[in-house]
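[1] Please work out how this folds:
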Amino acid sequence: MEPITRIVAGAAPIDRPNVDTDQVIPARFLHKPRDGTLGRYLFHDLRFGPDGVPNPDFVLNRPPFDGARILVAEQNFGCGSSRENAVWALHDYGIQAVLAPSFGDIFRSNSLKNGLLPIMLPPEVIHGLLAQLAETPGGTIAIDLEAELVTLQDGTSHRFEIDPFMRDCLLNGIDELDYTLSQMEQVESFEHRYGRRNA
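    This is a model prediction of the structure:
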């Protein structure tokens, strides 16, 4: 994973609640390999019509939102099935963070393990931000993971919290396996001491 320290990017509104993982990536694409191209299936049935033509009404097909790297969503984003592919599709498309009042629990966990930053902010903050994006599209949002601070396009700042262990992993660009491997010297030392005591 690439380290995440600070994200400054445009944001796109996904102003509907309960966006489930089947909307994020439909089930028929789950057999596709993880080869960095799953972004082409992101929100597929919303982004494209039955004929494969891009839907001009979908937010990610309209400038300036088509270049967004942050999503601002309503409550319960990523609910439904536990498919990790939903996070992969967002990541491969180029989305680096999702701001919402709440997330599906498994989706949030999968995001943190795969380098996508899920940030929970109070509903009133999200609703205000959605209104800002509607009134003045194209503004940027700054996310400082080390300080756990989001600065919105109107200049206001809001604190957020990330599990300290996962925050350190994201800051250092490592996953849980990388972390475990980094502790092998201590693991081997423990095994050596434990083995001698029980020989």
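
[2] from here on, contacts and neighbour counts on C-alpha atoms
    Fine.

[3] for the residue positioned nearest the centre of the chain, what are its contacts?
    In the chain, the residue lying closest to the centroid (C-alpha atoms, centre = their mean) is residue 116, at 3.4 Å. For residue 116, the contacting residues are 87, 91, 95-98, by C-alpha atoms under 8 Å, 6 or more residues apart in numbering.

[4] so where is this structure shaky, pLDDT-wise?
    The chain contains residues with pLDDT under 70 at 176-192, 195-199.

[5] ok, now with 80
    Applying pLDDT under 80 to the chain flags the ranges 175-199.

[6] Helices along that one, start to end?
    Remark: helices assigned in the chain by DSSP state H are 21-24, 44-47, 85-93, 105-113, 123-135, 164-172, 176-182, 184-197.

[7] Just tell me which of the ones you listed ends up closest to residue 56.
    helix 44-47 (8.0 Å; C-alpha to C-alpha).

[8] returning to what we had before: please tell me how far the residue nearest to the centre of the chain sits from residue 136.
    According to C-alpha to C-alpha, to the nearest Å, residue 116 stands 25 Å off from residue 136.

[9] Equivalent analysis for residue 62, please.
    On the measure of C-alpha to C-alpha, residue 62 and residue 136 end up 14 Å apart.

[10] go on, residue 44?
    In terms of C-alpha to C-alpha, residue 44 sits 26 Å off from residue 136.
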